[in-house]
Structure formats: structure tokens, C-alpha cells
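> What shape does this take:
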Amino acid sequence: MWCYSKALAQDKCVNAADDLCAICQEKMHVPILLRCKHIFCEDCVSEWFERERTCPLCRALVKPAGLRTFGDGSTSLFFELF
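So this is what the prediction gives:
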């Protein structure tokens, strides 16, 4: 599951964004704040992350929750063979 610092956006942040989701252009429903500080509806951004791994506005890379990145560029991801 891709999580995006699943922080619910505070009311004052949503009000500053005119209560509109940049993806659906409708009133914010369960607003989610990304690490890049952009706010989207939870359903909209979840659907976006099914296809992309970047912020819909600034294209900043969004990493899965709990993914550790090391100095040499490697990550904590590994394959499991069954």
C-alpha cells in the first residue's frame, strides 16, 4: 500500500486551498496532506497513486510509508520468492 504521509490536512490548510481538490475540482472530501504540502481528496489521490508515484501538482516523488532510503540510493524494499 502506498501511503503519502497519510496526515489528514488541518482545517486551516484546507481553507487556504479554497476547499477545492486540484484533481476533481470539487470540495475537499477527507483531505490528505502530502509531504510536499499539497492537499487532495483521499479517494482522488489514492486513485492517482494506482498509476503514478508522484504528486499530481509538483511531481515530487512520493515514497511508500516505511520505506527507508540509504546513502547509496538503495532502499529497504526486497523481493520475496514463493
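> When you work out contacts or count neighbours from here on, use the C-alpha atoms and nothing else.
Noted.
> wait, isn't residue 22 in contact with residue 42?
No: Residue 22 is beyond contact range of residue 42, at 11.9 Å (criterion: Cα atoms under 8 Å).
> residues near the residue nearest to residue 60 when sequence neighbours are not counted, how many?
In space, and not counting its chain neighbours, residue 60 is closest to residue 54: 5.2 Å by Cα to Cα, 6 or more residues apart in numbering. Neighbour count for residue 54, taken as other Cα atoms under 10 Å: 15.
> got a list of what residue 54 touches?
60, 61, 62 (Cα atoms under 8 Å, 6 or more residues apart in numbering).
> Leaving out chain neighbours, which residue sits closest to the second one?
When you say that, I think you mean residue 61. residue 54 (4.4 Å).
> Could you give the bridge partners of residue 27?
Beta-bridge pairing of residue 27 under DSSP bridges involves residue 20.
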